[in-house]
Every structure is written in structure tokens, then in C-alpha cells.
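Novice: I would like the atomic coordinates for the input below:
(chains A and B)
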Amino acid sequence: MRAYLLARLGWAVPIVIAILIINFLIIHLVPGDPIQALVGDFPTPPGYAEQIRKEYGLDQPLLTQLWLYLVNLAGGNLGFSFANRQPVLPLILDRARFTLLLMLPALTCAAVLGVVLALAAAPRAGSLYDSSVTAISLIGFSVPIFWLGQILIIAFAIKLRWLPAQGMISLRETLTGWAAVADVLWHLVLPGFSVTIYYIAVVARVARASVLDALSQDFVLTAKAKGLSGRYVLWRHVLPNALIPVATVIGYNFGYSLTGAILVETVFAWPGIGNLFIASIGNRDYPVLQGIFLLTAVAVVLANVVTDMLYAVLDPRVRGSYGKNA
Amino acid sequence: MQTANLSRRKPRVFAVLALGAFALSFAAGPALGQGKPVPGGTAILAVGADPATLNPDVSVGVPDIVTGCIVYDALVRFEKGFKIVPSLAKSWEIAPDGLTYTFHMNQATWSDGKPVTSDDVKFTLLEVSAKFGSKFVSVGQAIKEIETPDPLTVVVKLAKPFGPFLFSLACEQNAAILPAHVFRGTDVLKNPASLAAPVGNGPYRLSEWVRGDHLTFVKNPTYWTKGQPLLDRIIVKIMPDSAARILALQAGEIDYIDQYYFPASAISVLENDPRFKLQEVSYPSDDIIILNTRKAPLDNAKVRQALLVAMDRQYLLKNVFLNTGQLGASAIDSRLTQFYNPAVNYEKMYAYNPARAKALLDEAGVKPGLDGTRFTIRISFDTGRPEYTSAAQAIQRFWQAVGIKVVLEGAERPVVLKRVYADYDFDATMQNYSTSGDPALGISRAYHTESIKQGATFNNASGYSNPEADDLFNKGRDAATTAERAKHYFKAQEVIARDLPVITYHQQAQIGASSTRLQDLWQAANYQWWHKVWLKK
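Specialist: Residues are numbered from 1 along each chain as shown, chains lettered A, B, ... in the order given. Have a look, this model is predicted:
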């Protein structure tokens, strides 16, 4: 098991480097000049643009820039943001906190609720309840998240005035202690709900399908034939078998959680990575974009490794196969 | 022009009243203030991005100027009608030859306690604004030397008269006065005062910057104008999404959306709601089509005239710009009343008339081929501006009606800028040029031969080069009086109306949206008057 884990992590290194090189080339292929974004809509003084270009190494050939980037990266230096004029790593980590604050509770709620809904719906396949869960999942999955966000703002912030429309804190007051915590939670409600609805739909759809699949297996028939209760069969036999695809989809989305809320962050002016990402594309802020790609790639690879480990916990057959291969 | 004899006379004092003659009067409107100003409260305004720098002299980015000009004062400000009024300079004299300006400064202090001196002014204008300020660079070239006879007197000597000189000393013209003791001998762009910790002389001080979310500015307790500023705090909220900004204003969570970030399409959402006020702020800008005169048949003035005649500008004003702003009349925006030549009016000279457009094209020898097409024109435009996509589609229809095949090349802004200004790979491009309040600052750049600079943006991309026009723009810039300047600009407009390297089809309205609680906002909306803004209880 440990050897398997080390092998997986070992493989992750070349994968991440390949992702970085491909991303580096792709974002530099996109036309547009970061210096233009910096100096704005007026002719620049002579030498100014060249000075900045040189300062940020943008006057070097592309491959030299790539090499310098990788060398710096090996030393733990993710570069310097053109547009924010500060080092990339603290900039990204600072914003990542806010994204995780939004995404982790939302994904956790979605994972639990999605599985519970599916477990309740699948054994009654075709019933009104099941059809409702399916329909709600379909809507949650298909409704554009930015549209839902705006509708929620109009309803709860503008019409009813129950909840804040945007941001993470109330700017007009200066709150401290528990009042500040409550204020952040209050601001979390609408964006959190928008994200959760989408992920509940994602998880419930997969979970329902895999529970249905497990229900049709011979061992379920056997268990029932032995006289076990329906609920016992569902929790003890069906659920562990159905959880593998669910774990996959949840793990995958946890990996993407850093950039998974770009639209919600934009609609709710949430100061996370998603907002930084959009601003950096507009500014052609290559070092920040590379930094976000790196962080996302690492998070996805790690989430996949953790998911693999989770398979072993959930399914003894997988545990066995790890032992053999390793 | 002034004579040598006049210049030997004792300099006459032309203080504030005389300078009113310079003022532009296009933005007159009802008084904004309601009731007696009261101190206190927090105002929240929204911009689309974090500032890249807090030094307003090294950038023209809107967030940079918005925030920088809250922290710094400049020598002068302009008030409604673009009248120049004192700020750090309490008065000034101009020599009759227009070459020497003597400023007397107010006693102000930096936020680190040191006094603001004439040396700060000299250092800022020569070492920062002239070297890093895109808007100030041409002014910087006109400055011969700056003398500092005492700590509160600055004497600026110009190499040649420069009409918009005083106007160019306002904060948002890259002329905020910076602390020499903080910047001298350092890398201006990387100085901590440029990046995150400004040492200011303005009405507010930066107290917090949560990147991606907001910047908080608190009242400067030692501000040089007693009893000001009025607001306790100003918060600049970062909101990249235009719909989110409007929803936040409606929910009462922000008080003001800067004009740059307020789309015309949102006017109908707010205009009938008494809680909000929409007002025209800032100096005018024009929506223009730059034609690449390097390419046949666009090198023929008759063809360019035909393109204008074939455009139904009234349709664009009504359906694309939703009746905001006005029709383009001349190369110089008609709202710059001192300089606009009323004899030039595109609506009369080049009224919409497809039959006439066809005739002009025939005269130019651009006849239709077998398929009815005369030639193909590619329009390059920024899809990030929704109104440009609609306008481009309408123009495609207008031009195709006279036998010109139109290919729309909409792309993201950086792509368009590269194609147009670096590669010259375009036939026609839709752009918006600010007048900067003066033809010498914002308009001549689109026509002057000296502004043909491949790789540099927002200059003369058409490649138009006409010594007659250059001469008139030079004289308009250099003449000592407004009347004299106007005379040359009047002629320049006639020349441009004939040659039309650039089609000015719409004069844009710069509209800012605010809560009606926020009072006396106009000057603040022009990035230099926050100390007078107050909140109605």
C-alpha cells in the first residue's frame, strides 16, 4: 500500500511538470501584451514599456522564459505578478483561503446531501419521489450558476433584504470577534447555496445511478433471500458498493475546488482565486495564471491519490489488488 | 502670439478668474448639492479591479487613478465646467508670453509629518510625471526648467507655450505631487510607496487593502483645508462583474459606480428609481472608426467619405447607444465648446445617404464587381464592449448596402490592440478615444504624424500624415491664448473633415451612477475632489 502511494506520488511529479509546460506555452500563445494591460490606454513615455518588459524578463525568447520559470520554481519561487506587483505565492495563498472557505463547506454539504437523496430515491425508482429527485438534479445541474446567483441576489438581497448581495464582510461596520465570524457566515449563505445546489445535483445523479446498479447485483438478491431487512441491505451491502463512483466524482471536484467557483465568485464579488484568475487573464498576468494552474494541478493530482486510497478503504477487493501490484 | 515687447512687461496676474476663460463649459447642469454638508459616514464606491499601483503618476488605469487621487493632491483641480481652481497651489501667475508659471503653495504636510515643498513639485513633475506618466509626457517635453526660489514657490519655465498646461497639472493627468524624500534615488515603480504604502498629502490615507476585495481610506486628520474632508471613510470595493456592481448598488451595499465601470445598457434599470442618480461626469470621449489609410482603396479620401455617408448614425445612437451621448460632428468633440468649429458638422456635410455613398465610390473608381461587391473591409473591434458588437453588426449592414463586403473581426481587447497598433493588420477598427478635455491632449494623437508610432497604443493608427494638419495641430497646441488656439483648431477640423482618416460617429456620455445620499460628487467622479463629498443622513 505504501509503495503504491509512493509510486502514485512519484508519477505526479512529471505529470505536474508536463501540465506546467503545456500551460506556459498555451497562455503565451494567446495574443495580447501584459505590458499594454499595465500601462493603459494612452501612448506610453519613451522607454517606459521597454523598461517594464525587461524588468519582468518579457524581452527574453519564450523558451528562455520557460527555462527561467522552471528554475525559479525548483527554488520555490513562483514568480512576480505584473499586475499586482507582488510575489505570486503569497498572493495566491491569500486568495485561496477565501475560495476554500466557500468551497469546502459547500462540497461537504453537497456530498452528504447528494448521497442521502440518492439513497432515498434509488430503491423507489420510478416513484414520484424518485422522479422529483431526478428532476431537481437535472435542474440543479443545468441551471447556469451565474444566473441562479443573480436571481438569488434579486430575491433575497434586493427584494426581501434578508441577505447581503455580495462580498465577504459588511464594509460599513467594523466588526470583531464572533460578530465578525457571524458576518462572514451571513455573507456565505447565497454564494454557498449557489455552489451547493450545483454539486448536490452532480453527486446525486452519479450516486443514484450507482445505487441502482448495485441494487440489481446478485449479492443484493442473495442478501434479501437470506431474509435481511431492506434498510440493512441498503446500508451494509449496497452503499459500500455504490460509493466508488461517488468517491470518484467527489474527489475530482474537491481537486478542482480552488478554481471551481469562478462564476460564483464573480457574481458575488467573492475575493477568491476565481476572481484573481479572471482578472489575471484580462491582464495577461502570466506568472499568476501559471501559479493558479500549478496549484490546481497539484490539488487535482493529490485529490486523485486520496481518492485512490479511499477506494481501498471502501472496497476490500481494491485493497487486495494494491497488495498484489505493489 | 505674444510679442517680445509684451514679454518684457511686468507679468500680469491672471489668477483664477482669468483662467476661467480656459474652462470648458460643456458639462454645465443643475447644482448637485442638496442641503448643508454634514461630516461623517462611509462612502463605498465600486471599481472593476485592484489598482496595479497606488502611484497615480505612473499609470492611466482607472483603479490606479481612482485610489491614487484619494491619497494625493495635485497643484490644481478642475471643477464643474472644467474650470481650473487652486488645490496645493493656492494661486499662480502666468507671464504674458505664456512661458513662465509661478505657483504659490498652501502649507500642507505629508502623512509622515514632513512638509510638502516646492522641491516635491519639481521632483515629481520632472522625475516621475514626465518620465512615467503617459498623459503628462507631452507636457513634460514642453517644460524647460523648474525653479524653487523658496519652499512654497515654484516657477515653471516652458520651452514653448503649451495651451493646456494648467489643466495638465490635475491629479488624474499624472501630476499628483509625490514626496521627493520618499522617492528620490529609488526605483519609482518598485518603491513601497508606489506598491502598497503611499505617503500622501491628500484628504485620506490608506488604512487597509484586502486584495481582490476592498481598500479602506480614512480621513487625514492633518489635512491642509480646515474642516475637511467630510466623510470619515472611503471604501473602494473591487467588483469585476458589471451586473454584480449594479445589483450591489440596488441593494444599498455600495454608493457609487465609477463611470468607466457603468455600462449604458444599465441606465434603464436605474433611471426611474428615485434612490439613484445618474449624472454625466468626466470629460468627453468619442467612439471612432480608424481607417487604415495605408491600404487601397482606403487611401482615397472619397472612399472614406463614402463610408461615413453610408452609415446611419441616428440608428446607432438610438439602438446601440440607447440615446446616450450625441452624434459625432467633427474631429473635435462638440462638447469642447472652446475648440469645436460649428461650421464643421458631419450630419450636414455627410448626412446618411446610401445613394450618395455609391456615387462617391463610383467617383473614386471603386466600381462593383460581377457579384456586386466593390471591395472587402475588415472591422476589428473589442468584443468586451457589448455595444461595439452591436454597432459593428449594424455598420456591416450599412456598408454592405452600398456594395462593400464587411468581415467582422471581433476579438478580446489585447488581441485587437496588437492587430491594430503593433501589426497594423486591420482595415477599420472601432475604438473609443478620450478627448482628455483638450485637443492637444486627447485628439491630435489620432491625426498627427508624430503620433504614428508602431507598437505604441492609442495614437495615430490610421497612418494619416498631412503636413498641413500637423502644422495646425502644432499651432493649436502652442498658441498662448484660447482664442488663438481655437483659430488653428477650427482650420484643423476643416482639413480632417475633408480627409476623414478617422470617422467620429458618436460622442459618448460618461455616466456615473450613485446613491442620491452621496452629495457633491461631480468633482470626486473626476478623481480629485473627495474632500468635499458628504453623505446625506
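Novice: From here on, just use CA atoms for contacts and neighbour counts.
Specialist: OK.
Novice: now A:I153: how far from A:C109?
Specialist: Distance, A:I153 to A:C109, by CA to CA, to the nearest Å: 21 Å.
Novice: what's the answer for B:I443, then?
Specialist: Using CA to CA, B:I443 is found at 57 Å from A:C109.
Novice: more neighbours, the two?
Specialist: Neighbours per residue (other CA atoms under 10 Å in any protein chain shown) separate B:I443 from A:C109, with B:I443 holding more: 23 against 17.
Novice: Name the nearest residue to that one, sequence neighbours excluded.
Specialist: In space, and not counting its chain neighbours, B:I443 is closest to B:T435: 5.5 Å by CA to CA, 6 or more residues apart in numbering or on different chains.
Novice: wait, isn't that neighbour in contact with B:S282?
Specialist: No: look at B:T435 against B:S282 with CA atoms under 8 Å: they stay out of range, at 10.2 Å.
Novice: Name the residue in those two with the higher neighbour count.
Specialist: Neighbour count, other CA under 10 Å: between B:T435 and B:S282, B:S282 has more, with 25 against 22.
Novice: Is the more buried one in contact with B:Q508, as I believe?
Specialist: No: B:S282 lies out of contact with B:Q508 (CA under 8 Å); the separation is 10.9 Å.
Novice: show me where chain A has strands.
Specialist: Using DSSP state E, no strands are found in chain A.
Novice: Identify the spatial nearest neighbour of the most centrally placed residue in it, chain neighbours not counted.
Specialist: Closest residue to the average C-alpha location of chain A: A:S257 at 1.6 Å, with CA atoms, centre = their mean. In space, and not counting its chain neighbours, A:S257 is closest to A:M103: 6.0 Å by CA to CA, 6+ apart.
Novice: Compute the distance between that neighbour and A:V264, please.
Specialist: In terms of CA to CA, A:M103 sits 10 Å off from A:V264.
Novice: shared neighbours of the two, anything?
Specialist: Here A:M103 and A:V264 share the contacting residues A:V195, scored by CA atoms under 8 Å, 6 or more residues apart in numbering or on different chains.
Novice: list the buried ones in stretch B:265-279?
Specialist: Across stretch B:265-279, burial judged by 16 or more other CA atoms under 10 Å in any protein chain shown covers B:267, B:270, B:276-279.
Novice: typo on my end, it should be stretch A:167-183
Specialist: Quick answer for stretch A:167-183 (16+ other CA under 10 Å): A:167-171, A:183.
Novice: Which of the residues you listed sits closest to B:I503?
Specialist: Distance to B:I503, by CA to CA, is smallest for A:G167 among those, at 42.2 Å.
Novice: Pull up the per-residue confidence for the nearest residue to B:R517 once chain neighbours are set aside.
Specialist: In this structure, B:R517 finds its nearest non-sequential neighbour in B:K536, 4.8 Å apart by CA to CA, 6+ apart. If you check B:K536, the pLDDT there is 88.
Novice: How about residue 294: what's its closest non-neighbour residue?
Specialist: Since you didn't name a chain, this refers to chain A. A:L20 (6.5 Å).
Novice: Not quite, go with chain B.
Specialist: B:G463 (6.3 Å).
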